[in-house]
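>>> coordinates for the following, if possible.
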Amino acid sequence: MDKATIWAHIHAERAALAATLADLDPADWAHDTLCPGWTVHDVAAHVISTPQIGWAQMPGMTVRNLGRGYNAMIYREVKRLGARETRESILGDFERFATSTHHVPTTTSVEPLIDALLHHQDIARPLGIRRTMAPEAAAVAADRVRRLAFLMGSGRLVRSVRMVATDIDWDRGKGPTITGPIQELLMLASGRAPDPDLVSGDGLAAVAGRH
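Alright, predicted model coming up:
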């Protein structure tokens, strides 16, 4: 997928997430998400921080998190952002940066796509909201997530099973098979639990308890 199409998907998902957030009651912003320890407020602030982080912000992030691993750094930065931003400022940032094509230094244009797709699910699912990903976008994100699995803590999982999408031509990995919509395989590859009603296969036993 070319970069222009990737950014079109990112912008569409950001707009959809902004609409989801705007429709929530203020109390829902304190609701837990699929990210342990992160509220809706925290996740929303994190997603729209991506277009705002440049080289100037990198030294401060590094100094604040010396000696900490990647996941610990992300957690601390998310909580810091969440404490600094208000609901209104976050929604304002979604409007201001809706069509930005900036991404964090050292990352690719696919990382903002991953953030938008997965974190929309992280917010929506615990609140009982259904959000369907564009399969083509989810497939691009899933390929990148598989490469980043060592950072996301799901490296052993993606190496232990074969994942086969039922809604797009996408077949990755070796081992016992898990089949389902590509968005559920993306959830699984990132270390999240997929919707059990939408996935099947003997590979599910191999990944049970790893989410």
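
>>> for P176, see how far away the residue nearest the centre of the chain is.
Note on the chain: the residue nearest the mean C-alpha position is L118, at 2.9 Å, using Cα atoms, centre = their mean. Here the criterion is Cβ to Cβ, to the nearest Å. By it, L118 lies 24 Å from P176. Every residue, glycine included, has its C-beta placed from N, CA and C.

>>> I123 now?
The value you get for I123 to P176, if Cβ to Cβ is used, is 31 Å.

>>> of these two, which one has the most company?
The neighbour count for I123 versus P176, taken as other Cβ atoms under 10 Å, is higher for I123 (29 against 15).

>>> where do the helices of this protein begin and end?
Using DSSP state H, the helices of the chain run over residues 3-23, 40-47, 58-64, 70-84, 87-96, 110-124, 135-147, 149-152, 155-160, 182-189, 203-207.

>>> deepest of the ones you listed, which one?
Ranked by average neighbour count under the criterion mean count of other Cβ atoms under 10 Å, those are headed by helix 182-189 at a mean of 28.

>>> by how many degrees do that helix and helix 110-124 diverge?
Going by axes from the mean of the first three to the mean of the last three Cα atoms, to 10 degrees, helix 182-189 is angled at 90 degrees with respect to helix 110-124.

>>> can you give me the mean pLDDT across helix 182-189?
For helix 182-189, mean pLDDT is 97.

>>> do stretch 21-34 as well
Averaging pLDDT along stretch 21-34 yields 96.

>>> name the residues that touch it?
Residues outside stretch 21-34 that contact it (Cβ atoms under 8 Å, 6 or more residues apart in numbering): 38-44, 87, 90-91, 94, 119, 121-123, 125-127, 192-193.

>>> re earlier: can you say which of the helices of the chain is nearest to I168?
Closest approach to I168 among these (Cβ to Cβ): helix 135-147, 4.3 Å.

>>> need the contact partners of that closest one.
1, 6, 9, 13, 108, 110-111, 113-114, 117-118, 152, 154, 158, 163, 165, 167-168, 170, 172-173, 181-183, 185-186, 189-190.

>>> point out where the chain drops to low pLDDT.
Counting by pLDDT under 70, the chain shows low-confidence ranges at 53-84, 152-154, 209-211.

>>> tell me the domain ranges of it?
3-127, 135-207 (automatic domain parsing).

>>> now the shortest one: how far from the chain's centre is it?
Pointing back at domain 135-207 there. Remark: domain 135-207 is offset 14 Å from the chain centroid, using Cα atoms, centre = their mean, to the nearest Å.

>>> ends of it, how far apart?
23 Å (Cα to Cα, to the nearest Å).

>>> next one: the first one
Its start and end residues considered, domain 3-127 measures 32 Å (Cα to Cα).

>>> roughly how far out does that domain sit from the chain middle?
The chain centroid and the centroid of domain 3-127 are separated by 9 Å under Cα atoms, centre = their mean.
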